[in-house]
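> I would like the atomic coordinates for the input below:
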Amino acid sequence: MIDDDPSLQAAYALSSVDDNRRLYARWAKDYDQDFAADMDYVLPRHVAQQFLQHGGAAPVLDVGAGTGLLGQALRRHLSPLDAIDLSQEMLETAAQKNVYRHLDVADVTKPITHLGRLYDGIVSSGTFTHGHVGPDAIDNLLPLARDGALFCLSINKHHWIEKGFEAKFQDLDDKIEGLTLVEVLIYGANATGPHRDDLGVIALFKKRPNYDAAAE
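Residues are numbered from 1 along each chain as shown. Next up, the predicted model:
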């Protein structure tokens, strides 16, 4: 069972989809202040900056959107933005920010077939991390993108090493191109605690034209 008190440590200790749902259902209303503000969570801004600097275009899908922090950072520059997340409660909090066109519940560890839309950009901040999503989920995101779509996914650096993201990207070589890795701080100067110096790897790449997932 997960800790009754939602926290970064509890989130990193998650081991199942159901545990994720329960924790984020309880955390949704307080997440922006209890975690993002208190930990000076700057990763969403880094992801937005890298996506824009590499020519990212809309429509954009925010994967694991949570309370919409990445959407807020992008909305001043691009629209429309859509959001998916495992937690209905987190999406309800995100909806109050009025940055997303569509908000849908989805489990990225499984094929996503109910959206009915394709995107020119796929972004994610804080989803590929301990207790959450591993590298195989990228296979489920590629069919949501148009040919040439830009992906900008943040991955906790320790998670990158432990879960074999480097090998995964090598396996995806026939499906993606132009892989660029950018290392950033997840938290800002005001962060405290044992994770204040944690690093993230932002993976930028494009879906290869004429890649047909249905042919596999």
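> When you work out contacts or count neighbours from here on, use the C-alpha atoms and nothing else.
Will do.
> quick one: buried residues of stretch 154-161?
154, 155, 156, 157, 159, 160 (16 or more other CA atoms under 10 Å).
> Helices along the protein, start to end?
Secondary structure of the chain (DSSP state H): helices located at 8-12, 17-27, 31, 43-53, 69-75, 88-95, 138-141, 157-163, 165-171.
> Take the ones you listed and lay them out in JSON lines including distance to residue 190.
Listed next are the helices of the chain as JSON lines, based on distance: least, CA to CA, whole Å:
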{"stretch": "helix 8-12", "distance to residue 190": "16"}
{"stretch": "helix 17-27", "distance to residue 190": "21"}
{"stretch": "helix 31", "distance to residue 190": "17"}
{"stretch": "helix 43-53", "distance to residue 190": "14"}
{"stretch": "helix 69-75", "distance to residue 190": "18"}
{"stretch": "helix 88-95", "distance to residue 190": "24"}
{"stretch": "helix 138-141", "distance to residue 190": "32"}
{"stretch": "helix 157-163", "distance to residue 190": "20"}
{"stretch": "helix 165-171", "distance to residue 190": "29"}
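> Nearest approach to residue 186 belongs to which of those helices?
helix 43-53 (4.7 Å; CA to CA).
> Which stretch among the helices of the chain approaches residue 126 most closely?
helix 43-53 (7.5 Å).
> tell me the average confidence for the closest one?
The average pLDDT for helix 43-53 rounds to 97.
> and it, what does it pack onto?
Secondary-structure packing of helix 43-53 (3 or more CA pairs under 8 Å, 6 or more residues apart in numbering; DSSP states H and E): helix 69-75, strand 119-128, strand 145-156, strand 176-185, strand 199-207.
> go again using 7 Å as the cut-off
helix 69-75, strand 119-128, strand 145-156 (3 or more CA pairs under 7 Å, 6 or more residues apart in numbering; DSSP states H and E).
> Dump these to a markdown table, plus distance to residue 40 and mean pLDDT.
A markdown table is the format used below for the helices and strands packed on helix 43-53 (distance: least, CA to CA, whole Å; pLDDT from 0 to 100):
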| stretch | distance to residue 40 | mean pLDDT |
| --- | --- | --- |
| helix 69-75 | 12 | 96 |
| strand 119-128 | 14 | 95 |
| strand 145-156 | 16 | 97 |
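> Between these, which one is closest to residue 181.
strand 145-156 (9.6 Å).
> Name the residues that touch the closest one?
47, 51, 56, 118-126, 128-129, 199-210 (CA atoms under 7 Å, 6 or more residues apart in numbering).
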